[in-house]
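Novice: Predicted structure and sequence below. I'll ask about it afterward.
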Amino acid sequence: MNRAARSIIAVNRSSGTRNRRRRAKKATASRNRSRRAINGNRDFRFRAMDLAWKQVQLTALLQALKNGQDRLALLVERAKERPPLAPELRIDGNLLPGCLAKLWLTTKFQDGKCFFDCDSDSLVVKAVAGLLCDLYSGQTPAEIVAHDPGFLTPLGITQHMTPNRRNALSRVWERIRGFAEVQGASPPPTAS
């Protein structure tokens, strides 16, 4: 092999290495943005805010990330931090039907407000269900029924989910809304 051929091969090898390094650097930057978003916003489970403010905070947090895949990755990281449901709450009564992954959703009504928690054997399902549980927990039934979770669609989270996982998301919303409707229709307990 002559000298010119060797130098062409060397240039091609170095540009391939350069491209691999560039791709690795981009992937690392994306992971670092996700970590900053996670670590910079430790109070992600914002229970005491009003619903409009929660939506603004959540939208700002997710829009800080570049694309829908990064946003979904952030939610999955959050799901890893969520404590699992207690074994006594992982019962058939709390299991949402129609999902391939097992998804448990607990509901509680206390002091005029609804509270939700969830767990799943799928991190993606747990992530998105947890997002809705955190968003709607601590809200009155009227606020929940009046609110539409459609703001998630423009954020690009649902487009990276399989149809079955999108189905799980709609089932979670139906259960949350149904619970809020029942609680809103119930007369308040009277003091004896």
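Specialist: Received it, and whenever you're ready, just let me know what you need. Owing to the predicted nature of the structure, the values given are computational and were not obtained by experimental measurement. Numbering: from 1, shown residues only.
Novice: Residue 160 reaches residue 72, doesn't it?
Specialist: Yes - using C-beta atoms under 8 Å as the test, residue 160 is close enough to residue 72 to be in contact (5.2 Å). For glycine as for every other residue, the C-beta is placed from the backbone atoms N, C-alpha and C.
Novice: out of those two, which sits in the busier spot?
Specialist: The residue with the greater number of neighbours, taking residue 160 and residue 72 and applying other C-beta atoms under 10 Å, is residue 72; the counts read 23 against 15.
Novice: how close does the more buried one sit to residue 120?
Specialist: As defined by C-beta to C-beta, to the nearest Å, residue 72 lies at a distance of 15 Å from residue 120.
Novice: repeat for residue 53
Specialist: The separation that residue 53 has from residue 120, given C-beta to C-beta, amounts to 27 Å.
Novice: just for the chain, where's the confidence low?
Specialist: Within the chain, the ranges that satisfy pLDDT under 70 run 1-2, 4-48, 186-192.
Novice: what's the domain layout of it?
Specialist: Using automatic domain parsing, the domain ranges for the chain come out as 1-40, 45-185.
Novice: Just say which of those is most tucked in.
Specialist: Relative to the other members of these, domain 45-185 carries the highest mean neighbour count by mean count of other C-beta atoms under 10 Å, namely a mean of 17.
Novice: from the chain's centre, how far out does it sit?
Specialist: Between the centre of domain 45-185 and the centre of its host chain there is 7 Å, according to C-alpha atoms, centre = their mean, to the nearest Å.
Novice: all strands for this structure, in order.
Specialist: In the chain, strands defined by DSSP state E lie at 103-110, 113-120, listed in chain order.
Novice: neighbouring contacts of the first one?
Specialist: Put plainly, it is strand 103-110. Identification of contacts with strand 103-110 by C-beta atoms under 8 Å, 6 or more residues apart in numbering yields 85, 89-91, 94-96, 114-120, 122, 125-126, 129, 133, 168, 171-172, 175-176, 179, 183.
Novice: can you do 6 Å?
Specialist: With C-beta atoms under 6 Å, 6 or more residues apart in numbering as the contact definition, strand 103-110 has outside contacts at 85, 89-90, 94-96, 115-120, 125, 168, 175, 179, 183.
Novice: now the helices for the chain?
Specialist: Per DSSP state H, the chain has helices spanning 3-40, 51-63, 68-81, 123-136, 141-146, 163-185. These are given in chain order.
Novice: so what does the fourth one touch, helix or strand wise?
Specialist: When you say that, I think you mean helix 123-136. Helix 123-136 is packed against helix 68-81, strand 113-120, helix 163-185, with contacts defined by 3 or more C-beta pairs under 6 Å, 6 or more residues apart in numbering; DSSP states H and E.
Novice: Check the gap between the closest residue to residue 133 other than its chain neighbours and residue 73 for me.
Specialist: By the measure of C-beta to C-beta, 6 or more residues apart in numbering, the closest residue to residue 133 outside its immediate chain neighbours is residue 116, 4.0 Å from it. With distances taken as C-beta to C-beta, residue 116 is found 23 Å from residue 73.
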